[in-house]
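Novice: Need a 3D model of the following:
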Amino acid sequence: MLLLIPGPVQTRPETRAAMAQDIAPWDNDFRPVYAGIRDRVRALAGGREGEHATLPLQGGGHFVMEAALRTFIPEGGKVLVPQNGAYADRAVRLASAAHRQVVALPIPDTRSASAEEVGAALAADPAISHVAMIHNETGSGIVNDVEGIGAAVRAAGRRLILDSVSAFGALPFSLADHPEVDAMLFTSGKCLEGMPGMGFAVARVDRLEAAAGQAGSWCLDLSDIHAHALRAGWGSIRFTPAVQVIAAFAVALDLYAQEGGQPARLARYRENARVLYEGVKSLGLTPYLDWADQGPVIVTVHQPADPDFALQPFVDALKRRGVLISNFWNTHAPSFRVGCIGAVTPDDMRMAVAAIGGALDELGIRDRAASAEVREIEGDPGTQSATKRA
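Specialist: Model prediction:
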């Protein structure tokens with residue numbers, strides 16, 4: 001089965017094989033593996049030793065995002081969220097549930113937030129201390145302008161929390177160039193092609209020390225993870241982790257380096273996205289984004305206007321052809337999404353395009369373009385799926 005979702009992703013056999021062992025996470029033989037991962041991902045993030053620290057946390061991206069919001073923003077503090085996709089919506093919910101004040105900046109899910117918009121919002125409200133931004137929205141595939149927005153946040157004297165969960169390892173970004181970033185967040189099971197189960201924050205040490213005790217949570221306190229490492233060593237972890245996931249992640253990092261690191265991985269993903277984007281257009285389908293705005297992680301496609309189209313039967317027909325995609329959509333207009341990341345190649349994308357065409361033929365879908373009505377309402381949050389946003 002060809003797994004084409006934006007995480008968990010298809011992995012290499014060597015990565016999966018590393019899971020097939022029993023490990024004691026606090027064993028002295030395993031500590032160097034864990035400590036080595038922390039050093040390696042700090043370097044990948046452009047972090048500096050002594051200035052930045054890698055803080056692993058069990059769970060998915062939402063766990064580490066909530067931890068960052070709690071750790072760096074005091075209860076009652078204000079955070080600006082550029083809101084142009086489902087994962088920004090979730091950041092709003094996470095911050096609100098943690099009793100942080102949210103200033104939402106609504107933006108259509110077909111384009112990036114701009115530095116000018118963020119700068120204007122910060123200027124309008126001096127009480128905002130932080131911006132929490134999604135690097136790559138895996139609902140639509142849009143990539144936000146982290147360089148420009150980071151510069152705007154820095155110029156305004158504010159702080160940035162960057163959710164790079166579906167971008168880290170593929171899209172370039174260096175913490176050394178962005179002192180305004182309190183933490184950059186990612187997970188094991190996305191562009192680094194590990195197994196799912198661990199989140200990571202690469203955070204500024206000075207900000208962690210200043211934030212001690214304000215998370216309102218023990219489990220979700222990044223400053224406490226840092227303090228534990230200082231006490232017990234960088235090869236130690238506070239609570240029982242997904243230890244086999246960590247072992248597999250070490251192998252995934254080896255494979256990442258062998259491929260050529262971030263530039264090589266981005267090049268492969270971009271070519272995957274190009275083949276898929278052009279392929280679905282050749283089938284008469286309408287990509288959700290213009291090519292100029294299309295990121296390399298996922299290609300999202302408008303659901304066909306044909307009244308006989310329904311997402312689950314389409315997903316089932318694709319699965320019969322050996323391709324598995326998400327059976328939900330989380331864009332403003334109805335869509336389906338096909339991942340371009342993971343241990344997959346442009347040839348796999350060509351196979352996926354053929355499978356998409358075969359599935360549409362099987363279901364008798366002739367009118368494959370997006371409806372005129374969908375195009376008119378695109379960007380209206382009221383049109384999103386009422387049954388599933390994930």
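Novice: packing partners for the helix or strand hosting Ala152?
Specialist: Element membership for Ala152, per DSSP states H and E: helix 146-155. Packing partners of helix 146-155 (3 or more CB pairs under 8 Å, 6 or more residues apart in numbering; DSSP states H and E): helix 115-124, strand 128-134, strand 159-163. All C-beta atoms are positioned from the backbone trio N, CA, C, and that covers glycine.
Novice: Could you check the angle the first one makes with helix 146-155?
Specialist: Between the direction of helix 115-124 and that of helix 146-155, the angle (axes from the mean of the first three to the mean of the last three CA atoms, to 10 degrees) works out to 20 degrees.
Novice: again with the second one
Specialist: Angle between the axes of strand 128-134 and helix 146-155 is 170 degrees (criterion: the same axes, to 10 degrees).
Novice: And the shortest one, by the same measure?
Specialist: Put simply, strand 159-163 runs at 160 degrees to helix 146-155, going by the same axes, to 10 degrees.
Novice: Pairing partners for the next helix or strand after strand 159-163, with directions?
Specialist: Moving toward the C-terminus from strand 159-163, the first helix or strand encountered (DSSP H and E) is strand 181-187. Using DSSP bridges, strand 181-187 pairs in its sheet with strand 159-163 (parallel), strand 198-204 (antiparallel).
Novice: between the helices and strands packed on helix 146-155, which gets nearest to Ala248?
Specialist: Taking CB to CB, strand 159-163 is the member of the helices and strands packed on helix 146-155 nearest to Ala248, at 22.9 Å.
Novice: who's in contact with the nearest residue to Met184 once chain neighbours are set aside?
Specialist: Nearest non-adjacent residue to Met184, counting by CB to CB, 6 or more residues apart in numbering: Leu162, 4.7 Å away. Leu162 makes contact with Met133, His135, Val146, Gly150, Phe173, Val181, Ala183, Met184, Leu185 under the criterion CB atoms under 8 Å, 6 or more residues apart in numbering.
Novice: switch to 7 Å and redo it
Specialist: Neighbouring residues of Leu162 by CB atoms under 7 Å, 6 or more residues apart in numbering: Met133, His135, Val146, Val181, Met184, Leu185.
Novice: mind listing what Met198 touches?
Specialist: Pro56, Gln58, Thr187, Ser188, Pro241, Ala242, Val245, Ile246, Phe249.
Novice: How about it, nearest residue that isn't a chain neighbour?
Specialist: Spatial nearest neighbour of Met198, chain neighbours left out: Ser188 (4.3 Å); criterion: CB to CB, 6+ apart.
Novice: That neighbour: neighbour count?
Specialist: For Ser188, the count of nearby residues is 26 (other CB atoms under 10 Å).
Novice: tell me the domain boundaries of this protein?
Specialist: The record's domain split for the chain, according to automatic domain parsing, is 17-257, 261-383.
Novice: do you know which of the ones you listed lies nearest Ile5?
Specialist: Of all the domains of the chain, domain 261-383 sits nearest to Ile5, with 4.8 Å by CB to CB.
Novice: Tell me the gap between the closest one and the middle of its chain.
Specialist: Taking CA atoms, centre = their mean, to the nearest Å, one finds domain 261-383 lying 18 Å from the centre of the chain it belongs to.
Novice: Check the average confidence over that domain, would you?
Specialist: Averaging pLDDT along domain 261-383 gives 92.
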